[in-house]
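**Student:** have a look at this fold, sequence not included:
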């Protein structure tokens with residue numbers, strides 16, 4: 001599954017670098033993102049609308065792709081803050097670093113790795129964001145545990161993801177679409193809440209925003225580390 005996802009997003013990065021817009025809608029209306037980063041955007045939402053970033057904060061984007069959410073985060077946290085991006089795909093990392101250089105962003109750092117094993121120290125970030133990536137992981141309990149580990153006490157998550165209605169079974173999700181289409185690996189709302197609870201998060205809220213597929217929705221997920 002991981003190789004399927006890696007190949008899919010490596011191809012998306014290559015096409016974006018060649019000038020193809022991989023995703024086109026109004027998720028970033030009013031944000032004025034860098035055009036090159038927007039071309040590689042494959043998200044299902046805009047996590048910055050729920051993350052409530054402040055100057056001086058440290059933010060981590062899981063599955064940062066071409067860097068659009070990292071670059072927009074860097075603007076919001078300002079020169080006294082830092083925006084980190086984590087991605088496993090060489091092609092996406094190369095594209096993100098090029099986009100950051102072209103945007104003149106100096107308070108960003110991109111890391112290679114997996115979201116199940118985040119290469120950052122304990123309690124080192126204030127906010128974790130992610131845009132339609134956690135559903136791609138084959139080991140979501142590890143992702144939730146790692147998010148909790150790297151957050152400082154009082155830290156928070158502001159995530160966009162695809163979430164299934166509770167009556168949609170894993171088998172039905174698999175029939176509706178494959179893993180790299182963000183469908184087969186999607187959790188139900190109850191499964192998402194249970195997973196975050198088990199990792200130690202509190203104040204969990206999951207809000208459906210728009211239909212994504214039959215019985216699945218683009219959603220925003222908020223929670224805090226006590």
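**Tutor:** That came in fine, so what should we check first? Just so it is clear, the model here is predicted, and its values are computed rather than measured.
**Student:** just say helix, strand or coil for residue 93.
**Tutor:** Put simply, residue 93 is helix when judged by DSSP: H, G, I helix; E, B strand; the rest coil.
**Student:** what distance do you get for residue 56 to residue 83?
**Tutor:** The span separating residue 56 from residue 83 equals 12 Å under the rule C-beta to C-beta, to the nearest Å. Just so you know, the C-beta spots here come from the backbone N, C-alpha and C atoms, and that holds for glycine as well.
**Student:** what do these two both touch?
**Tutor:** When C-beta atoms under 8 Å, 6 or more residues apart in numbering defines a contact, the residues bordering residue 56 and residue 83 alike are residue 77.
**Student:** which one's more surrounded, those two?
**Tutor:** Taking other C-beta atoms under 10 Å, residue 56 and residue 83 do not tie; residue 83 has more neighbours (30 against 12).
**Student:** residue 141 in helix, strand or coil?
**Tutor:** The three-state assignment at residue 141 reads helix, by three-state DSSP.
**Student:** what of the one 5 residues further on?
**Tutor:** When the structure is reduced to helix, strand and coil (three-state DSSP), residue 146 reads as helix.
**Student:** list the contacts of it.
**Tutor:** When contacts are counted by C-beta under 8 Å, 6+ apart, residue 146 is found next to 115, 116, 117, 118.
**Student:** list the beta-bridge partners for the most centrally placed residue in the chain.
**Tutor:** The centroid of the chain falls nearest to residue 130 when counting by C-alpha atoms, centre = their mean (1.8 Å). Applying DSSP bridges to residue 130 yields these beta-bridge partners: residue 62, residue 159.
**Student:** from residue 101, how far out is it?
**Tutor:** Counting by C-beta to C-beta, the gap from residue 130 to residue 101 is 23 Å.
**Student:** how about residue 71?
**Tutor:** Shown here: residue 71 relative to residue 101, a distance of 11 Å by C-beta to C-beta.
**Student:** low-scoring stretches of the protein, by residue?
**Tutor:** Within the chain, the stretches with pLDDT under 70 are 1-43, 176-182.
**Student:** now the strands: where do they sit in it?
**Tutor:** Defined through DSSP state E, the strands belonging to the chain, from first to last, are 58-62, 82-87, 108-112, 125-131, 151-164, 187-188, 202-213, 216-224.
**Student:** show me how far the last one is from its chain's centre.
**Tutor:** Same thing as strand 216-224. Taking C-alpha atoms, centre = their mean, to the nearest Å, one finds strand 216-224 lying 11 Å from the centre of the chain it belongs to.
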